[in-house]
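**Q** quick one: sequence and predicted model below, then my questions.
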Number of protein chains: 2
Amino acid sequence: MTEVIEPAIETVTIDVVLSALADPVRLTLVRALDAAGDWTCGSDILRGTGVTIGKSTLSHHIKVLRDAGLIRTRVDGIRRLVTLRYDDVDQRFPGLLSMLRDNDLARTAAETPASSHQPPPGLTSGR
Amino acid sequence: MTEVIEPAIETVTIDVVLSALADPVRLTLVRALDAAGDWTCGSDILRGTGVTIGKSTLSHHIKVLRDAGLIRTRVDGIRRLVTLRYDDVDQRFPGLLSMLRDNDLARTAAETPASSHQPPPGLTSGR
DNA sequence: TCCTCTGTTCGATCTGCGTCGTACCGTTCG
DNA sequence: CGAACGGTACGACGCAGATCGAACAGAGGA
């Protein structure tokens, strides 16, 4: 198998999404995935975010986000790649991702002095 | 004083809003206020929602929602009236209220047989 | 004035969940 | 085959927060 089960976007409720996004670590996770823009290795997501957690904790958060319909996981050999479900989330909850993006720009710029990646200019409004 | 302190909408962050809306009781509260449409007495908010909590708990939730910038409280004689900050929330987080509304229609219609107030048609995008 | 009503504040309690460590599994490579 | 790596599953721990009850505070009304 190369894909991991994920809920159909129509079955996703805002209640579950809100609960998933209420945690600061998961919010950082979503913002980092959004900044990355495409498939990212799980262990590399939090690079440069200043967040350091155990790998079991990370796995737990990724599962919560996946069950909430926010991210998609793909198996690539030895590792799992994850990405935001941009189209699905934008269709089901228009404007949600851009809400999360707003503060992200200010926060990542202020909290990650070691990272040199400035936020890609094309991500502010588009995909 | 007839008004209760509330944060300026520009200082409200999505992080706090998400945490406030992550609780099922508070979500019910917001949806009930949205369905009501205007100033509502605190003790009457949960009428017909099936949610029964102590008054101290209700006071706590209202305070959380107010601190999150979602609702406004006005003192009216012996009682406190609360209402959604439609304009402010729509301006700061466009689309957020309609996201909460989606499930609301199905839920309130199924859970409140005694209430005869259909959701006002003008609330979908405006105040 | 006294009672009632509405709401807040303060402790105390308890549950949910975020976190960690360990064990386990599948994949890749030497 | 066996070791290393990325990730998951499970149990345990600890803390934040949801809940409650009681006490208190204003505002109205009898």
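**A** Yes, it's here.
**Q** contacts, neighbours, all on C-alpha from now
**A** OK.
**Q** can you give the strand pairings for the host helix or strand of residue A:81, parallel or anti for each?
**A** Assessed by DSSP states H and E, residue A:81 sits inside strand A:79-84. Using DSSP bridges, the strands paired with strand A:79-84 in its sheet are strand A:40-41 (antiparallel), strand A:71-76 (antiparallel).
**Q** contacts for that strand?
**A** A:30, A:33-34, A:37-42, A:70-75 (Cα atoms under 8 Å, 6 or more residues apart in numbering or on different chains).
**Q** circling back to that earlier point, any chance of the strands paired with strand A:79-84 in a markdown table, with mean neighbour count and mean pLDDT too?
**A** Formatted as a markdown table, the strands paired with strand A:79-84 follow (neighbours: other Cα atoms under 10 Å in any protein chain shown; pLDDT from 0 to 100):
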| stretch | mean neighbour count | mean pLDDT |
| --- | --- | --- |
| strand A:40-41 | 18 | 94 |
| strand A:71-76 | 18 | 95 |
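**Q** what's the closest of those strands to DNA strand C?
**A** For DNA strand C, the closest of the strands paired with strand A:79-84 is strand A:71-76, at 6.8 Å, according to Cα to the nearest atom of the strand.
**Q** now that closest one, how far from the chain's geometric center?
**A** Centre-to-centre, strand A:71-76 and its host chain are 12 Å apart (Cα atoms, centre = their mean, to the nearest Å).
**Q** so what pLDDT did the closest residue in space to residue A:43 that isn't next to it in sequence get?
**A** Spatially, and ignoring its direct neighbours in sequence, residue A:43 is nearest to residue A:55 (7.7 Å; Cα to Cα, 6 or more residues apart in numbering or on different chains). Residue A:55 carries a pLDDT value of 95.
**Q** against residue A:45, how distant is residue A:55?
**A** Distance of residue A:55 to residue A:45, computed by Cα to Cα, to the nearest Å: 12 Å.
**Q** higher neighbour count, the two?
**A** More neighbours surround residue A:45 than the other of residue A:55 and residue A:45, with 22 against 11 (other Cα atoms under 10 Å in any protein chain shown).
**Q** you'd agree the more buried one is up against residue A:31?
**A** No. Here residue A:45 does not reach residue A:31: they are 9.7 Å apart, not a contact under Cα atoms under 8 Å.
**Q** any idea how far apart the tips of stretch A:35-48 sit?
**A** Counting by Cα to Cα, the terminal residues of stretch A:35-48 are separated by 12 Å.
**Q** quick one: that stretch to chain centroid distance?
**A** Relative to the chain's own centre, stretch A:35-48 is displaced by 8 Å; criterion: Cα atoms, centre = their mean.
**Q** would that stretch count as contacting DNA strand D?
**A** Yes. For stretch A:35-48, a contact with DNA strand D is found by Cα under 7 Å from any atom of the strand, at A:41, A:42, A:43.
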